[in-house]
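S.K.: Sequence and predicted model, in that order:
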Amino acid sequence: MYVGALELDVLLGDVHSLKEKRSVVRPVVAELRKRFEVAASEAGHQDLHRRALIGVAAVSADAAHVRDVLAGCERLVAGRPELELLSARTRLVGPEDD
């Protein structure tokens with residue numbers, strides 16, 4: 001079993017409140033969940049209205065599949081015009097990591 005985690009640090013565009021931030025971040029998280037069948041959530045920078053840390057997790061029997069899914073998630077977020085992807089960090093844990 002392989003578990004992959006992806007941290008996406010994003011800068012939001014013309015957002016002036018936490019309420020506006022939620023209206024931008026929630027649809028992105030929902031699309032990640034639906035399109036890639038991953039666990040996704042806003043996982044950081046919750047008190048800042050122009051930044052968000054989106055966490056994504058995937059599990060598979062195949063390491064390459066986990067990498068492909070997380071790369072697709074990163075591309076989706078990077079392609080959103082209302083967001084600027086500041087950084088992305090991927091971690092992969094597998095059976096050899098005991």
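M.R.: Done, it's in.

S.K.: Return the residues in contact with residue 78.
M.R.: 85, 88 (C-beta atoms under 8 Å, 6 or more residues apart in numbering). Where you see a C-beta, it was placed from the backbone N, CA and C, and this is true even at glycine.

S.K.: please redo it, this time with the cut-off set to 6 Å
M.R.: residue 85 (C-beta atoms under 6 Å, 6 or more residues apart in numbering).

S.K.: ok, now how distant is it from residue 84?
M.R.: Going from residue 78 to residue 84 by C-beta to C-beta, to the nearest Å gives 9 Å.

S.K.: And for residue 5?
M.R.: Residue 5 is 21 Å from residue 84, by C-beta to C-beta.

S.K.: who has more neighbours, those two?
M.R.: residue 5 (17 against 14; other C-beta atoms under 10 Å).

S.K.: Would you double-check that the more buried one falls in a strand?
M.R.: Yes: the assignment for residue 5 (DSSP: H, G, I helix; E, B strand; the rest coil) places it in a strand.
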